[in-house]
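Enquirer: have a look at this fold, sequence not included:
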């Protein structure tokens with residue numbers, strides 16, 4: 001059985017999600033956040049949700065922005081290493097809180113800790129970015145977007 005590709009079935013809704021992304025990127029930039037921080041957040045959310053399609057896309061985007069393969073490999077274990085800035089760690093905290101909604105809202109203590117690093121505008125932009133990538137993850141996973149190498153895998157893939 002072939003699954004319904006939500007993007008193909010309702011491209012106007014996909015376009016609306018794309019417009020939301022553009023607004024979030026603008027708000028993040030206005031709040032002083034860089035695009036790489038947003039890409040790392042998208043990588044982390046896609047890891048949490050197990051979305052290979054979005055994980056591949058945002059890993060590639062992060063690499064284009066100059067991210068190192070080592071830091072990308074360590075995003076999943078960001079709490080156990082010292083590779084990430086306080087802003088990036090706060091972004092991961094916000095991302096996980098938004099993505100793991102069944103765990104309940106971020107605790108007041110953790111919220112206060114994040115507030116020592118992020119402005120309200122930055123926190124809001126990061127939360128919206130996490131909300132948006134969660135929606136994209138759900139579109140990709142529901143539609144079962146294929147994730148395969150464009151060519152035979154190289155030795156290092």
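Expert: Here it is on my side, so go on. Please read these numbers as outputs of a predicted model, since none were measured by experiment. Numbers count the residues shown, from 1 in each chain.

Enquirer: how about the residue positioned nearest the centre of the chain: what's its closest non-neighbour residue?
Expert: Nearest residue to the geometric centre of the chain (C-alpha atoms, centre = their mean): residue 42, 1.2 Å. Excluding its sequence neighbours, the residue lying closest to residue 42 (C-beta to C-beta, 6 or more residues apart in numbering) is residue 58, at 4.1 Å. Where you see a C-beta, it was placed from the backbone N, CA and C, and this is true even at glycine.

Enquirer: quick one: contacts for that neighbour?
Expert: Residues near residue 58 by C-beta atoms under 8 Å, 6 or more residues apart in numbering: 39, 42, 43, 46, 133.

Enquirer: looking at those residues, which are in strands?
Expert: Using DSSP state E, no member of the contacts of residue 58 falls within strands.

Enquirer: before we move on, the earlier item: surely the residue nearest to the centre of the chain touches residue 126?
Expert: No: assessed by C-beta atoms under 8 Å, residue 42 is found out of contact with residue 126, at 10.7 Å.

Enquirer: which other residues reach the longest helix along the chain?
Expert: As assigned by DSSP state H, the longest helix anywhere in the chain is helix 120-143. In this structure, residues lying in contact with helix 120-143 by C-beta under 8 Å, 6+ apart are 3-7, 14, 17, 20-21, 24, 27-28, 30-33, 37-38, 41-42, 45-46, 49-51, 53-54, 58, 87, 90-91, 94-95, 97-99, 114-115, 118.

Enquirer: now do the buried residues in that helix.
Expert: 122-130, 132-134, 136-137, 139-141, 143 (16 or more other C-beta atoms under 10 Å).

Enquirer: wait, isn't residue 3 in contact with residue 9?
Expert: No: with contact defined as C-beta under 8 Å, residue 3 does not count as touching residue 9 (10.2 Å).

Enquirer: so how far is the helix or strand where residue 61 lies from its chain's centroid?
Expert: If you go by DSSP states H and E, residue 61 is part of helix 52-64. Put simply, helix 52-64 sits 9 Å off its chain's centre (C-alpha atoms, centre = their mean, to the nearest Å).
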